[in-house]
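> coords below, sequence missing:
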Ligand SMILES: Nc1ncnc2c1ncn2[C@@H]1O[C@H](COP(=O)(O)OP(=O)(O)OP(=O)(O)O)[C@@H](O)[C@H]1O
């Protein structure tokens, strides 16, 4: 059925076809309203193992459209494994994953997802320029055709957002760790994702650059991007965080408001009152991030 770009039926169609088109338009609207109501990320009872050892032990994690959720927890609690499961890099041994309402095993729309992995030095051996690495983040949108004007503009804008436009021609091997991290973030932003998943984006990034990245993220959030961040402490991102999910030993021990002054709470041995405890109940001390 021919449609105008806005999805409405063309006026030269027979009335019966127009009716069908209108009905179909309404159905599409319903479908998209239903899709909007679905969490962008839904992990339910997720279990996963690495090297034969159970790492995720029944994780429930839902991130709604436009939400900014921080995934917190001590070293080894399973944060990276959880986000790698979300992006399909770690298979679930049990439970369910859905992205944008589609079961993980059927999800193919990866252009909607930007992922910044935990920092590695692997890319520094790659003989590519900063612009080439960032352009790679645009491939899914380009569908492997040649870059168009919009693609080049998105790459340029992503480089500007992380303050690396003046380094576009430099080899990535010549960058510092923090600069490299900013390039990886630009790579994810170049795809203009609806869902941005970042694993410790501030690790190894100096304070000035952290502020730049926080500003970048603020813009993304204002534009409606859904964000899941693995963090050790909220730092300059704190004002952006809607909700915190804390893992310990592969289980969720907190899902609610971000723990206050998490920087101090992150110190080993610091206890935290569980937010779901009834007001008159004996406080449950979880030691959230330890
Ligand atoms: N490829 C692997 N093979 C076996 N075990 C692994 C592998 N990758 C991670 N692990 C183990 O899984 C556990 C969870 O690791 P994960 O990286 O998810 O934790 P994390 O919470 O992200 O930690 P950190 O804060 O240190 O990044 C750790 O005990 C780790 O040793």
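Yep, it's here. Just so we're clear, the structure is a prediction, and the values are computed from it rather than from any experiment.
> residues from this structure in reach of the ligand?
50, 51, 55, 73, 75, 76, 77, 78, 79, 80, 81 (C-beta under 6 Å from any ligand atom). All C-beta atoms are positioned from the backbone trio N, CA, C, and that covers glycine.
> please name the nearest non-neighbouring residue to the fourth one.
It refers to residue 73. residue 247 (3.8 Å; C-beta to C-beta, 6 or more residues apart in numbering).
> residue contacts, that neighbour?
59, 71, 72, 73, 77, 78, 79, 82, 253 (C-beta atoms under 8 Å, 6 or more residues apart in numbering).
> now those residues as TSV including secondary structure and distance to residue 152?
Output for those, formatted as TSV (DSSP: H, G, I helix; E, B strand; the rest coil; distance: C-beta to C-beta, whole Å):
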residue	secondary structure	distance to residue 152
59	strand	39
71	strand	34
72	strand	37
73	strand	39
77	coil	41
78	coil	39
79	helix	35
82	helix	35
253	strand	46
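> what ranges does the stretch 101-250 of the chain have for its strands?
Assigned by DSSP state E, counting those that start in this stretch, the strands in the stretch 101-250 of the chain fall at 102-103, 113-116, 195-199, 226-230, 243-248.
> I'd like those strands written out as TSV, with mean pLDDT and distance to residue 173 added.
Conversion of the strands of the stretch 101-250 of the chain to TSV gives the following (pLDDT from 0 to 100; distance: least, C-beta to C-beta, whole Å):
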stretch	mean pLDDT	distance to residue 173
strand 102-103	95	38
strand 113-116	93	19
strand 195-199	95	22
strand 226-230	96	26
strand 243-248	96	34
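> dump those strands to CSV, plus distance to residue 130.
What follows is the strands of the stretch 101-250 of the chain, written out as CSV (distance: least, C-beta to C-beta, whole Å):
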stretch, distance to residue 130
strand 102-103, 33
strand 113-116, 15
strand 195-199, 18
strand 226-230, 23
strand 243-248, 33
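> buried stuff in stretch 216-236?
Neighbour counts over stretch 216-236 (16 or more other C-beta atoms under 10 Å) mark 216-217, 220-221, 225-234, 236 as buried.
> redo the contacts of residue 247 as JSON lines? Include neighbour count and pLDDT.
Output for these, formatted as JSON lines (neighbours: other C-beta atoms under 10 Å; pLDDT from 0 to 100):
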{"residue": "59", "neighbour count": "26", "pLDDT": "97"}
{"residue": "71", "neighbour count": "26", "pLDDT": "97"}
{"residue": "72", "neighbour count": "28", "pLDDT": "95"}
{"residue": "73", "neighbour count": "27", "pLDDT": "94"}
{"residue": "77", "neighbour count": "21", "pLDDT": "95"}
{"residue": "78", "neighbour count": "27", "pLDDT": "96"}
{"residue": "79", "neighbour count": "25", "pLDDT": "96"}
{"residue": "82", "neighbour count": "27", "pLDDT": "97"}
{"residue": "253", "neighbour count": "19", "pLDDT": "95"}
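> ok, those residues vs residue 203, which is closest?
Among those, residue 79 lies closest to residue 203 (C-beta to C-beta), at 12.0 Å.
> need the residue closest to the centroid of the chain.
residue 197 (1.9 Å; C-alpha atoms, centre = their mean).
> quick check: that one touching residue 115?
Yes - contact between residue 197 and residue 115 holds when scored by C-beta atoms under 8 Å: they sit 4.9 Å apart.
> farthest pair within the residues of the chain next to the ligand?
Spanning the widest gap among these are 51 and 73, at 19.3 Å by C-beta to C-beta.
> ok, what's across the strand from residue 256?
Using DSSP bridges, the beta-bridge partners of residue 256 come out as residue 244.
> just give me the neighbour total for it.
12 (other C-beta atoms under 10 Å).
> now it: how far from residue 215?
Computed with C-beta to C-beta, to the nearest Å, the distance linking residue 256 and residue 215 is 26 Å.
> try residue 111
Distance, residue 111 to residue 215, using C-beta to C-beta: 25 Å.
> also residue 100?
Relative to residue 215, residue 100 is positioned 27 Å away (C-beta to C-beta).
> quick one, which of the two is more surrounded?
residue 100 (19 against 14).
> let me see the contact set for the closest residue in space to that one that isn't next to it in sequence.
Spatially, and ignoring its direct neighbours in sequence, residue 100 is nearest to residue 40 (5.9 Å; C-beta to C-beta, 6+ apart). By C-beta under 8 Å, 6+ apart, residue 40 lies in contact with 63, 64, 65, 67, 99, 100, 194, 195, 226.
> with residue 127 instead?
171, 173.
> hmm, try it at 7 Å
By C-beta atoms under 7 Å, 6 or more residues apart in numbering, residue 127 lies in contact with residue 171.
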